[in-house]
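Novice: Take a look and give me a structure for this.
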Amino acid sequence: MVRHMNSFQLSQLERNDLFRGLKSLDIPGLCKCLGIQVLEYDKDQTVISEGEAVKRFGIVSEGVAKSVETDTVIGEGEYISLLHTGEDSPETIIAIERLTVLFIQFDRLTNQCRKNCINHSKVLHNFIRCVCEKAIQSERRTSYLLIPSVGKRIMTYLKQLDSYNELGEIVVPFDRVNMARYLNIERSSLSRELSRLKRGGFIDFEGNKFKIL
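Specialist: Below you'll find the model as predicted:
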């Protein structure tokens with residue numbers, strides 16, 4: 001179902017890396033320029049199918065989606081089909097709970113607008129940077145999955161995270177269920193291994209905040 005963008009969704013775009021360097025007042029006009037659509041999906045509804053021509057990419061506003069093929073979860077602020085825009089999708093994306101996605105038309109982004117505005121150019125520059133960062137993240141996840149030891153897989157993941165706060169903690173951007181999915185580990189196995197690593201003095205954690213000792 002298509003909806004109009006609300007103030008909360010506009011504020012999400014302001015915080016998104018795709019719109020880095022832009023002023024709040026510039027966002028609404030750019031939304032029209034880029035042809036952004038707000039689409040809602042019910043739980044288990046297909047967002048994009050394998051083999052489908054990808055003509056747009058999305059930013060998750062609310063809810064969670066996942067790739068059927070890789071079991072990768074896509075949460076709030078993350079991208080759908082960013083790496084596959086302009087080609088046929090190699091994966092099927094479904095909503096695993098009620099989902100809202102802000103879709104941006106690829107051709108509206110890559111084709112310079114009639115006004116030749118600098119803000120459009122900034123978004124395009126940010127898009128290229130986001131694609132590069134997403135490709136690196138995808139390569140990293142593949143490297144995690146090749147590690148047979150659950151403990152080493154967890155430690156490698158934590159060491160490579162760069163989301164540190166002012167206390168020197170590593171902030172994992174997932175709850176336990178989605179962390180297990182991301183690392184392709186059973187939820188119970190993840191909990192057991194985290195407890196073992198904590199008892200062994202390798203890590204300490206509370207919620208999604210970790211420290212490597």
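Novice: Pull up the gap between residue 208 and residue 177, please.
Specialist: Counting by C-beta to C-beta, to the nearest Å, the separation of residue 208 from residue 177 is 12 Å. Quick note: C-beta positions are derived from backbone N, CA and C, even for glycine.
Novice: Compare these two (neighbour count), which wins?
Specialist: Here residue 208 and residue 177 are compared on neighbour count by other C-beta atoms under 10 Å; more neighbours surround residue 208, at 15 against 12.
Novice: any idea how far the closest residue to the more buried one other than its chain neighbours is from residue 211?
Specialist: Leaving aside its chain neighbours, residue 208 sits nearest to residue 172 (4.5 Å; criterion: C-beta to C-beta, 6 or more residues apart in numbering). For residue 172, the distance to residue 211 (C-beta to C-beta) stands at 12 Å.
Novice: for residue 180, same thing?
Specialist: Residue 180 sits 20 Å away from residue 211 when distances are taken as C-beta to C-beta.
Novice: The two: which has the busier surroundings?
Specialist: residue 180 (19 against 14).
Novice: next helix or strand past the strand or helix carrying that one?
Specialist: Assigned by DSSP states H and E, residue 180 belongs to helix 176-182. As assigned by DSSP H and E, the chain's next helix or strand after helix 176-182 is helix 187-199.
Novice: and the next element down the chain from that next one?
Specialist: Heading C-terminal from helix 187-199, the first helix or strand you meet, by DSSP H and E, is strand 203-206.
Novice: Buried residues of that next one, list them for me.
Specialist: 203, 205 (16 or more other C-beta atoms under 10 Å).
Novice: where does the protein have low pLDDT?
Specialist: Residue ranges of the chain with pLDDT under 70: 1-4, 113-116, 162-167.
Novice: Would you map the helices across the chain?
Specialist: Remark: helices assigned in the chain by DSSP state H are 7-15, 27-34, 106-110, 118-145, 150-160, 176-182, 187-199.
Novice: Turn the ones you listed into CSV, including distance to residue 100.
Specialist: Formatted as CSV, these follow (distance: least, C-beta to C-beta, whole Å):
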stretch, distance to residue 100
helix 7-15, 8
helix 27-34, 15
helix 106-110, 20
helix 118-145, 20
helix 150-160, 28
helix 176-182, 18
helix 187-199, 26
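Novice: Good, wrapping up.
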